[in-house]
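sequence plus the predicted model coming up.
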Amino acid sequence: MTKITTQLETVTEPHYKYIKNRQLAIVQAPFCGGQGKTGVEKGPKYMLNHGLESDLRELGWDITVESPLDEEYLQKMMEKDAVTDRFKNTKRPGLVGTTTKTIYENVSKLAQDNKFVLTLGGDHSIAIGTVSGVQEAYSDLGLIWIDAHADINTLESTDSGNLHGCPVSFLLGLHKDIECPESFKWVPGKLNPNKIVYVGLRDVDKAEKKIIKDLGIKAFSMYHVDKFGINKVIEMALECLHPNGGRGPIMCSYDVDAVDPLFVPATGTPVRGGLTLREGLFLVERLAETGDLVALDIVECNPDLAINDIHVSDTISAGCAIARCALGETLL
Ligand SMILES: NC(=[NH2+])NCCC[C@H](N)C(=O)O
Ligand SMILES: [Mn+2]
Ligand SMILES: [Mn+2]
């Protein structure tokens, strides 16, 4: 009888080769001006109240909590600027531009100090600031955008006018070719289209599909997740960012609506047919295993959109679990 011996695959412990002394900065970004529903600004407080800081300290991180935004000022501006702060179809370009600039300055400093930067949103417009900031420290940064949506609308293509649907176009510098308000002139827009990859897409606007095709951006939709499985998808995504088995720093911008609303109900633009909670956590566990992860955003938790307390705790605990898995928690 012939014996079949299977090679046991090995798994590497989470590690962070670009980060000095396991130092972590948690940046609170309580901003809701990139979309129309209030409550998403409560994300950071809810995640911290859930014990996130001590859970991460338990994982060996030395932590500082940063609060670069003036919440009172933001609240005042949210009321005041609702009608006046407009550019064509887009809502609050002034406030989004100045707020993301503040986040950019803070994140850029922290990343250059070789700290891991974990930013808690807020809506996804904050990624204009976080990704631009992290890029100041790592010029060859690869970006994994985990989301049901592509968030790549331009100031011209957006139907909703909500700027949380546009951050990727700013990061790619697409605003430089069109008429653009003063408030966004600071955005470096240096992200190369081959340095971003999407995972989890299932609700992409027509104009966005054209931009993705025209720029040749790599995107793994839920179809790809079903067809190839989540493990193959993340391996392919990593290969896209640093080809030929090459390695390099990676940032992950994680919109919790990538995960199915069964697990993450309290979010502004839920779309059915998403990642299971385990698939959503596996993605970041794998990133932690590479040793290349340098920064993470967790955005779009909106406790006010829950219809009961279970929805709040499901959503917030999923957001916190994403952070813990990315920062070294393992199942055993
Ligand atoms: N970050 C998000 N949840 N974005 C949703 C964007 C939805 C739609 N594509 C828009 O541009 O308005
Ligand atoms: Mn989304
Ligand atoms: Mn998003």
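Now that the structure is in, tell me what you want to look at. Ligands and ions are numbered 1, 2, ... in the order given.

so what's Pro249 up against?
Tyr18, Tyr138, Asp140, Leu141, Gly142, Asp292, Val294 (CB atoms under 8 Å, 6 or more residues apart in numbering). (C-beta placed from N, C-alpha, C; glycine too.)

buried among those residues? Need that as a selection in ChimeraX.
Command for ChimeraX that selects the buried part of the contacts of Pro249, burial taken from 16 or more other CB atoms under 10 Å:
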select :18,138,141,142,292,294
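
ligand 2 next: which of the contacts of Pro249 are close?
Among these, no residue lies close to ligand 2 (CB under 5 Å from the ion).

now, which of the contacts of Pro249 lie within strands?
Gly142, Val294 (DSSP state E).

max pairwise distance over the contacts of Pro249: which two?
Tyr18 and Gly142 (12.2 Å; CB to CB).

anything in contact with each of the two?
Pro249, Asp292.

strands of the stretch 1-150 of the chain, residue ranges please.
For the stretch 1-150 of the chain, the strands defined by DSSP state E, counting those that start in this stretch occupy 23-29, 62-66, 86-87, 90-91, 116-121, 142-146.

what residues does the lowest-mean-pLDDT helix or strand in the chain touch?
Counting by mean pLDDT, DSSP states H and E, the weakest-scoring helix or strand in the chain turns out to be helix 71-84, with a mean of 90. Defining contact as CB under 8 Å, 6+ apart, one finds that helix 71-84 is touched by Pro30, Phe31, Cys32, Gly33, Thr38, Glu41, Asp85, Arg92, Gly94, Leu95, Thr99.

among those residues, which lie within helices?
Among the contacts of helix 71-84, the residues falling in helices (DSSP state H) are Gly94, Leu95, Thr99.

closest to ligand 1 out of these?
Of all the ones in helices among the contacts of helix 71-84, ligand 1 sits closest to Thr99, with 15.2 Å by CB to the nearest ligand atom.

the closest one contacts Glu41, correct?
No. Counting by CB atoms under 8 Å, Thr99 does not reach Glu41; the two are 10.8 Å apart.

where do the contact lists of these two overlap?
Joint contacts of Thr99 and Glu41 (CB under 8 Å, 6+ apart) are Phe31, Leu74.

still on that earlier bit, so which of the strands of the stretch 1-150 of the chain is nearest ligand 1?
strand 116-121 (9.2 Å).

partners of that closest one, with directions?
strand 23-29 (parallel), strand 293-299 (parallel) (DSSP bridges).

can you redo these as TSV with distance to ligand 1 and mean pLDDT?
Shown next, in TSV, are the strands paired with strand 116-121 (distance: least, CB to the nearest ligand atom, whole Å; pLDDT from 0 to 100):
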stretch	distance to ligand 1	mean pLDDT
strand 23-29	13	99
strand 293-299	7	99
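
return the most buried member of these.
strand 293-299 (a mean of 28; mean count of other CB atoms under 10 Å).

buried set for the helix or strand just after that strand?
Going down the chain from strand 293-299, the next helix or strand is helix 309-326, by DSSP states H and E. Neighbour-count burial for helix 309-326 flags 311-312, 314-326 (criterion: 16+ other CB under 10 Å).

and stretch 20-34 with ligand 3, contact?
No. For stretch 20-34, no contact with ligand 3 is found by CB under 5 Å from the ion; the gap never falls below 9.3 Å.

just the C-alpha atoms of that stretch, please, in CSV.
Provided in CSV are the C-alpha atoms of stretch 20-34 (Å, rounded to 0.1, in the frame of the first residue of the first chain):
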residue,chain,number,x,y,z
LYS,A,20,9.7,50.2,16.5
ASN,A,21,9.3,48.5,19.9
ARG,A,22,5.6,47.5,19.3
GLN,A,23,4.5,51.1,19.6
LEU,A,24,0.9,51.9,18.6
ALA,A,25,-0.9,55.1,18.2
ILE,A,26,-4.7,55.0,18.3
VAL,A,27,-5.9,58.0,16.4
GLN,A,28,-9.5,59.0,17.1
ALA,A,29,-11.2,60.4,14.0
PRO,A,30,-14.8,61.2,15.1
PHE,A,31,-15.9,62.7,11.8
CYS,A,32,-19.2,62.3,10.0
GLY,A,33,-19.1,65.1,7.4
GLY,A,34,-18.3,62.8,4.5
